[in-house]
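Engineer: only the shape, not the letters, is given here:
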Ligand code: FES
Ligand code: FES
């Protein structure tokens, strides 16, 4: 285990330097997957299921193959690929393994499921080909909701999963918890349902696959957050050795979790390229992205909380049901949402007794996977509703009841057996309330308009090391990262990271870390990411792990390289290694005689071009590799969000008048980028609270197949956001940074929902579901303001 | 075989001759036939604005237009904004300074939208700018920094203190 250490670096970390990604992206010279064009390249489209649940009787592609421009068409039988299977190491009563075939074989399980792949000279012809496909289904009864899936005698989505249940865990069950509830002076309950959402990266998924005869390798260029894991699945499905597959990632137009699972389309396209020995490109269109890409967030909670008369929480008893749709995602499995919710629900509060049941239910809808925040937007919403409800019942101010319950002494080990590292739970709450008071919002609130103020407090684990995922009992355990750094002959460096930026600016922030550790200019540093041939191994980017874990590996490798440079310099300057230090200006100097120094270029010149001058036992070249894993239970960023809303009694519309976020992600490597992550995350959180929902009819047909129906908020709906930073440095990571990618999304739904309920005070109505419907608000207001 | 049509386009001041199917959209022609991949496709149904280009100075969604429809027009794409030596325009520089882009996928669309709008309405207020920014989708930034970038650019142009 790495020793915890904290170090705040010098010149670069903490400075909002210009993003190195910007010039190319602004000039239209970024290279995204659809910008890749190879000689002889073909274009793929998929024949997709039109029914939610059915047996495949026949797939006839003869007409397809006759369409002008179509080169080939393959069904599951034609390609003969292995399945994608994600596993948990849990007993059969807790986890039922299911497989996702690359193309549907015997059965289809949701509308949009790929049944065949059509490859043509251009995408227009491929679409013509898709239209000519004849697939015959024998309809089976679909199960479209979690309650229908759990009903007695419900049709089974997967024959191997009784009661359509893929995951069913009961955890913690503190002894005596029933007595706690029986004797508590106040018990409140929240039943809530949150809408199914699409992470909706603006760039849809896509892949260009080609066989390279020189490397004897399948080269797959794809916009994935997890290149190494895609390689593993591709190799195993196609029966190749891993060395025969190279996955590279071009510029990526967002991901938000949707691109951190292995998709079946990228495997099918790669298999077609392998068959045809010609490059094959597949670019998902928006309709497919809205109906067949991995979704998230459809959860139902039934939670009771016991409080004492002073508003201290005594116990929490939770039942969580997650509707995971038709398939378990790789590598996380259908357990991703219920296991996250079950383990971390107590959030920032001291909860002495806890019991939870978490289930993943399969239905005939598009499958789900991770989406920015994973379950935390939902359980934080539940916890924050419980606080508000208890406050109301006990006559305590809603901010005050939180103050009484938040963890203030660290490290704190919770009833969920997680140890939380120091954070500013109480301070962020105090500051957030203070800001809204100072700005006069409480006076506005009491001025007679239909205005409400709402808060949410939360922490989020961001350093998910192997330990945290091992607790979840994943069969493959993410967590560590490896970085290799190399100095070239001229003294500039390139460092690899196993993480994968999809908008978070790793080329800038990782370079800041290297520049500080080696004491050179950021312009001398190149960051290499997204290439399985060039990067030893990595777990990609998700769970806000890039800076915490990837950045720490990069820092550790940089330090090792620094030690090598000092060793060579000591020899050449005829001094002690301990007497040599990096001088912060691209060189090594003598501590006692700073005038005597050697630049990195001079040292590199020796290491490569005059290796005979190296000290005995030191080999030529300059490179170092280091890995990093977060010790213990990881690291927790935290924040409080405060929001002021005004309701329109006429339409039920919700307008956000003010949004304040007080966040603490430890040391911010690049404060402007942290703020960008917060704002973008909050926009997605507001979207979940007020706008976005993937809906289906009773037959399982998607009702929001275009952006006309799936309402993504624009600049007209997203307010300006005020951000205040607190800084509780992390003891476990290099630079003291914690993750910053997801907090905005986690905090926003709860704060908005609480603000709406505050505005509804006096109506006798409390809303607990999201997205908050205008009709529900309107109905609630009718009696009082109508 | 689908019928083929001869189409002559003027893109970023250059005359280009194409032999294409009439159903070919402007955005596909720009991206795949002319190699101007800066213009992006986010939806192909006219909602996201990632494909926004200028047609005779006005912002247009290139996914909703057939190339054959804009034969006599002056078409400008994001590639026209920076100087031949790669140096960025004032608007592009403000986007960078304000962190108005993260993944950068929506960015060409917003740049062309703003470029067209500011040419028409150099005196636009911040509220008007926000309204126009609301025509396109960005999934990363939360929009505030895009609005600020465009507003600052407009103010600087008015003051004559362009970067
Ligand atoms: S791609 Fe044209 S508007 Fe979305
Ligand atoms: S910067 Fe990613 S969509 Fe706008």
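Structural biologist: Received it, and whenever you're ready, just let me know what you need. Bear in mind that the values here come from a model prediction, so they are computed numbers and not experimental data. Numbering: from 1, shown residues only, chains lettered A, B, ... in the order given. Ligands and ions are numbered 1, 2, ... in the order given.

Engineer: what's the burial count for residue 76?
Structural biologist: No chain was given, so I picked chain A. Using other Cβ atoms under 10 Å in any protein chain shown, residue A:76 has 20 other residues around it. The C-beta positions use only the backbone N, C-alpha and C, and glycine is treated the same way.

Engineer: look at chain B instead
Structural biologist: Neighbours of residue B:76 (other Cβ under 10 Å): 21.

Engineer: so which residues on chain B come close to ligand 2?
Structural biologist: B:101, B:102, B:103, B:104, B:105, B:106, B:107, B:138, B:139, B:140, B:141 (Cβ under 6 Å from any ligand atom).

Engineer: quick one, phi psi at the fourth one?
Structural biologist: For residue B:104, the backbone dihedrals (degrees, to the nearest 10) come out as phi 80, psi 10.

Engineer: how about chain B: which residue is closest to chain A?
Structural biologist: With Cβ to the nearest Cβ as the measure, residue B:38 is the residue of chain B nearest to chain A, at 1.9 Å.

Engineer: quick check, that residue in contact with residue B:77.
Structural biologist: Yes: if you go by Cβ atoms under 8 Å, residue B:38 and residue B:77 touch, sitting 5.9 Å apart.

Engineer: what do these two both touch?
Structural biologist: By the contact definition Cβ atoms under 8 Å, 6 or more residues apart in numbering or on different chains, residue B:38 and residue B:77 are jointly contacted by A:28, B:108.

Engineer: tell me the spacing between whichever residue of the stretch 451-600 of chain A sits closest to ligand 1 and residue A:591.
Structural biologist: Among all residues of the stretch 451-600 of chain A, residue A:503 sits closest to ligand 1, at 18.1 Å; criterion: Cβ to the nearest ligand atom. As for residue A:503, its distance to residue A:591 is 42 Å (criterion: Cβ to Cβ, to the nearest Å).

Engineer: pLDDT below threshold where in the chain?
Structural biologist: Just going to use chain A. A:1-9, A:784-786 (pLDDT under 70).

Engineer: I was after chain B.
Structural biologist: If you take pLDDT under 70 as the line, chain B has these spans: B:1-2, B:162-163.

Engineer: longest helix in chain A, by number of residues?
Structural biologist: Ordering each helix of chain A by length in residues (DSSP state H) puts helix A:551-572 first.

Engineer: please name every helix or strand in contact with it.
Structural biologist: Using 3 or more Cβ pairs under 8 Å, 6 or more residues apart in numbering or on different chains; DSSP states H and E as the contact test, the elements touching helix A:551-572 are strand A:481-487, strand A:493-496, helix A:506-518, strand A:580-582, strand A:587-590, helix A:600-609, strand A:623-628.

Engineer: following the third one, which helix or strand comes up?
Structural biologist: Once helix A:506-518 ends, the next helix or strand along the chain (criterion: DSSP states H and E) is strand A:525-528.

Engineer: the residue in chain A that chain B sits nearest to sits in which helix or strand?
Structural biologist: Closest residue of chain A to chain B, Cβ to the nearest Cβ: residue A:28 (1.9 Å). Using DSSP H and E, residue A:28 falls within no helix or strand.

Engineer: could you find the closest non-adjacent residue to it?
Structural biologist: residue B:38 (1.9 Å; Cβ to Cβ, 6 or more residues apart in numbering or on different chains).

Engineer: so what's that neighbour up against?
Structural biologist: A:27, A:28, A:29, A:30, B:77, B:78, B:79, B:108.

Engineer: of these, which pair is most distant in space?
Structural biologist: A:30 and B:77 (13.6 Å; Cβ to Cβ).

Engineer: and the helix or strand where residue A:180 lies, what's buried?
Structural biologist: Using DSSP H and E, residue A:180 sits within helix A:177-183. By neighbour count on 16 or more other Cβ atoms under 10 Å in any protein chain shown, the buried set for helix A:177-183 is A:177, A:180, A:181.

Engineer: that helix - contacts with which helices or strands?
Structural biologist: Using 3+ Cβ pairs under 8 Å, 6+ apart, helix A:177-183 is in contact with strand A:299-307, strand A:313-325, strand A:353-362.

Engineer: could you dump those into JSON lines and include mean neighbour count and distance to ligand 2?
Structural biologist: Output for the helices and strands packed on helix A:177-183, formatted as JSON lines (neighbours: other Cβ atoms under 10 Å in any protein chain shown; distance: least, Cβ to the nearest ligand atom, whole Å):
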{"stretch": "strand A:299-307", "mean neighbour count": "22", "distance to ligand 2": "26"}
{"stretch": "strand A:313-325", "mean neighbour count": "25", "distance to ligand 2": "25"}
{"stretch": "strand A:353-362", "mean neighbour count": "24", "distance to ligand 2": "30"}
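
Engineer: next, format these as JSON lines and append distance to residue A:167.
Structural biologist: As requested, these are exported to JSON lines (distance: least, Cβ to Cβ, whole Å):
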{"stretch": "strand A:299-307", "distance to residue A:167": "13"}
{"stretch": "strand A:313-325", "distance to residue A:167": "8"}
{"stretch": "strand A:353-362", "distance to residue A:167": "4"}
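
Engineer: now those strands in TSV, with distance to ligand 1?
Structural biologist: Converted to TSV, those look like this (distance: least, Cβ to the nearest ligand atom, whole Å):
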stretch	distance to ligand 1
strand A:299-307	30
strand A:313-325	26
strand A:353-362	33
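
Engineer: among those, which is nearest residue A:49?
Structural biologist: strand A:313-325 (13.2 Å).

Engineer: these two touch, right, the residue of the stretch 451-600 of chain A closest to ligand 1 and residue B:103?
Structural biologist: Yes: counting by Cβ under 8 Å, residue B:103 is a contact partner of residue A:503 at 3.3 Å.

Engineer: show me what from chain B comes close to ligand 1.
Structural biologist: Within chain B, the positions lying close to ligand 1 (Cβ under 6 Å from any ligand atom) are B:41, B:42, B:43, B:44, B:46, B:47, B:48, B:49, B:50, B:51, B:61, B:63.

Engineer: give me the buried subset of these.
Structural biologist: B:41, B:42, B:43, B:44, B:47, B:48, B:49, B:50, B:51, B:61, B:63.

Engineer: quick one, strands of the stretch 101-250 of chain A?
Structural biologist: Secondary structure of the stretch 101-250 of chain A (DSSP state E, counting those that start in this stretch): strands located at A:107-108, A:114-120, A:134-139, A:165-171, A:186-194, A:206-212, A:217-222, A:245-248.

Engineer: okay, now the domains of chain A?
Structural biologist: Here the domain parsing of chain A from automatic domain parsing is A:33-140+A:204-252+A:259-291, A:299-466+A:632-785, A:480-628.

Engineer: what number of residues lie near residue A:213?
Structural biologist: Counted with other Cβ under 10 Å, the neighbours of residue A:213 add up to 7.

Engineer: distance from stretch A:65-73 to the middle of the chain?
Structural biologist: 38 Å (Cα atoms, centre = their mean, to the nearest Å).

Engineer: touching chain B at all, that stretch?
Structural biologist: Yes: contact check for stretch A:65-73 against chain B, using Cβ under 8 Å from any Cβ of the partner chain: residues in range are residue A:68.

Engineer: right, I'll call it a day here.
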